[in-house]
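K.L.:
A structural model of the following input is requested.
(chains A and B)
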Amino acid sequence: MEDLTAIRKCGEGDTDAFRHLVRAYQGQAIAHATSILGNREDALDAVQEAFIDAYQALKRFDLSKRFYPWFYVILRNRCYKAAAGRKRRETEDQEVAGLLAQPGPPSPEESISLERTLLELSEEERELITLRHLDGLSYEELAERLEIPQGTVMSRLYNVRKKLRMRLAQLDFIAD
Amino acid sequence: MAVGDGQPPSIPPEAVDAHLASCAECRAEIVEMEKLNSLLGSQRRQIPSDDLWPHIGQRLDARKGIARERRPVPYPFFLLGALLAAYRLIELVPDRRIEIVFKLVPVIIAISLFAFLKENPFKVNIHLGTESE
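P.N.:
Down below sits the predicted model:
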């Protein structure tokens, strides 16, 4: 079933058609939510809530657009609500969130260290850097996804990278 | 930054090249950025295989069931009930003071309407929240 057909059927009250959308996008939605929240359990809750919100808002969906970028706005809204509602955990106590695929180069241990470094960033910073580098989104796509001007995307990326570079240099990942 | 990122720069490429030829600081910045890009670019996002549909489907069906149960309240009976309640309340007003009646009846009608429409006026609209961000 195509997304548009599923969305139309959902509009007619067919909840079963929504299964197609959930199964098609739940993987990347959980991955993106984990990037923002840095925690798998919170991410699973946020994704579930976001899909429920999306189902209720589907009547307002513009059929000329793609589903996932529209859904992503709902998802990140849910994630930031969840992030605001929880106490920020100490990085030292944090387990690996499952952000990066294992084993990642240069070595699995270094990949875990890199993930921990990413978890030290704020939710907004982690979201931006992972969308750019793990998903390969262009500045234009980032601006659309995050609903900010391209200039802001560039300046934020510059600041996050600077921060990340300094931290990675301390860990001898890259020379500063 | 756009150059190091492989994105089209906002100024002509010739101007970028001319600047880079004379600016060691920017050249060093691009090298550093490429190192970071290479490190992050070698990573892949972990795509989980969890299936959330059983929970989501169950919750949607439960909501649908609740909506179906609530719907068949017949309008005339509801209105009759509201009018009877209003009449009973007016009877309780001491000395049949007419100004109290004028205050009470609109309130009762408004409450009945909200209940009939099943619309919570204090409900936060998530979509509006999303648009404003």
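K.L.:
Wait, residue A:171 touches residue A:115, no?
P.N.:
No: Residue A:171 is not in contact with residue A:115 according to CB atoms under 8 Å; the separation is 12.0 Å. All C-beta spots, glycine's among them, are computed from the backbone N, C-alpha and C.
K.L.:
So these two - more neighbours on which side?
P.N.:
residue A:115 (20 against 12; other CB atoms under 10 Å in any protein chain shown).
K.L.:
Number of residues surrounding residue 34?
P.N.:
Just going to use chain A. Using other CB under 10 Å, residue A:34 has 26 neighbouring residues.
K.L.:
oops, chain B please
P.N.:
15.
K.L.:
Then the one 10 residues further on?
P.N.:
For residue B:44, the count of nearby residues is 13 (other CB under 10 Å).
K.L.:
Model confidence for it, exactly?
P.N.:
You'll see residue B:44 listed with a pLDDT of 79.
K.L.:
and the gap between the residue of chain B positioned farthest from its centre and residue B:15?
P.N.:
Distance from the centre of chain B peaks at residue B:22, with 50.6 Å (CA atoms, centre = their mean). For residue B:22, the distance to residue B:15 equals 12 Å [CB to CB, to the nearest Å].
K.L.:
Overlap in contacts, these two.
P.N.:
Here residue B:22 and residue B:15 share no contacting residue, scored by CB atoms under 8 Å, 6 or more residues apart in numbering or on different chains.
K.L.:
ok, and what's touching the strand or helix carrying residue A:54?
P.N.:
Assigned by DSSP states H and E, residue A:54 belongs to helix A:40-57. Around helix A:40-57, the neighbours that count as contacts under CB under 8 Å, 6+ apart are A:10, A:15, A:18, A:21-22, A:26, A:29-30, A:33-34, A:36-37, A:71, A:74-75, A:77-79, A:82-83, A:86, A:97-98, B:48, B:50, B:52, B:55-56, B:59-60, B:126-127.
K.L.:
just how off-centre is stretch A:41-52 within its chain?
P.N.:
Remark: stretch A:41-52 is offset 12 Å from the chain centroid, using CA atoms, centre = their mean, to the nearest Å.
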